[in-house]
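Colleague: Take this sequence and fold it.
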Amino acid sequence: MGRGAVWPAVVLALTAGLAGCAQDEPGAERWYDEGQVVRGEALYQQYCAQCHGVAGDGAENWRQRDASGRTGPPPLNGTGHTWHHGKDELRHFIRHGLGPGMPPWRAVLSDDEVTAVIAYLQHWWPEEIYQAWQRYDARFREAGVDLGEEPVPQAHPQPPSSETPGGSPP
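Modeller: You can find the predicted model right below:
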């Protein structure tokens, strides 16, 4: 085989290898379609925007806790911690509420509508955030966490007391 015949074979092999990698790479394709995003936008604006913001930017000081230990509505647009929750967790929070601050929407939104709202939130997320979420979601599903049918008190418990390191007694 002459030198000129080797390069096309190498290019073909590399192209085939890279094409296979792209299909296996997290984030190569998002789980939702444009129809879900459009439907989710209308639902989000109707039910979620008044607390989480029209553009999903959340409360201005969403990380600060009030006297009762609650935080404000977090951003859902990829700038906050929402990607730290698997799809089943997000679905659970929407359906059953979250602590005293977020009401349950299970009597208002169908399962398909909740899924559409999640699609709408995730359409905002930059690719890097979405890929990190995909890895988190896969680990969450593999762990087989059962959230049950009750609301959870809060997504992130209040940190340990700052009086002593780790919150343990001296």
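Colleague: Please, where are all the helices along the protein?
Modeller: Here the chain has its helices, by DSSP state H, at 3-24, 34-47, 49-52, 87-96, 111-124, 127-143.
Colleague: Could you export the fourth one as CSV, keeping only the C-alpha atoms?
Modeller: Below are the C-alpha coordinates for helix 87-96, written out as CSV (Å, rounded to 0.1, in the frame of the first residue of the first chain):
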residue,chain,number,x,y,z
LYS,A,87,-35.1,14.6,37.1
ASP,A,88,-37.1,12.4,39.6
GLU,A,89,-36.2,14.8,42.4
LEU,A,90,-37.2,17.9,40.3
ARG,A,91,-40.5,16.1,39.5
HIS,A,92,-41.0,15.3,43.1
PHE,A,93,-40.4,18.9,44.3
ILE,A,94,-42.9,20.3,41.7
ARG,A,95,-45.5,17.7,42.4
HIS,A,96,-45.3,17.6,46.2
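Colleague: shaky segments in the protein?
Modeller: Applying pLDDT under 70 to the chain flags residues 1-28, 151-170.
Colleague: okay, which residue is most central for it?
Modeller: The geometric centre of the chain, computed from its C-alpha atoms, lies nearest to Trp83 (C-alpha atoms, centre = their mean), at 3.3 Å.
Colleague: Do I have it right that that one meets Trp125?
Modeller: Yes. The criterion here is C-beta atoms under 8 Å, and Trp83 meets it with Trp125 at 6.6 Å. Yep, even glycine has a C-beta here, placed from its N, CA and C like the rest.
Colleague: which neighbours do the two share?
Modeller: Trp133 (C-beta atoms under 8 Å, 6 or more residues apart in numbering).
Colleague: Would you mind listing the residues in contact with Thr82?
Modeller: Thr82 neighbours (C-beta under 8 Å, 6+ apart): Pro74, Pro75, Leu76, Leu90, Leu121.
Colleague: before we move on, what about Gln64?
Modeller: Thr71, Gly72.
Colleague: can you check the one 4 residues further on too?
Modeller: The contact partners of Ser68, by C-beta under 8 Å, 6+ apart, come to Pro100.
Colleague: roughly how far apart are it and Val145?
Modeller: 27 Å (C-beta to C-beta, to the nearest Å).
Colleague: again with Gln36
Modeller: Gln36 is 24 Å from Val145, by C-beta to C-beta.
Colleague: Look at those two and report which has more neighbours.
Modeller: Gln36 (21 against 13; other C-beta atoms under 10 Å).
Colleague: Contacts only, for the more buried one.
Modeller: Taking C-beta under 8 Å, 6+ apart as the test, what Gln36 contacts is Thr115, Ala116, Ala119, Tyr120.
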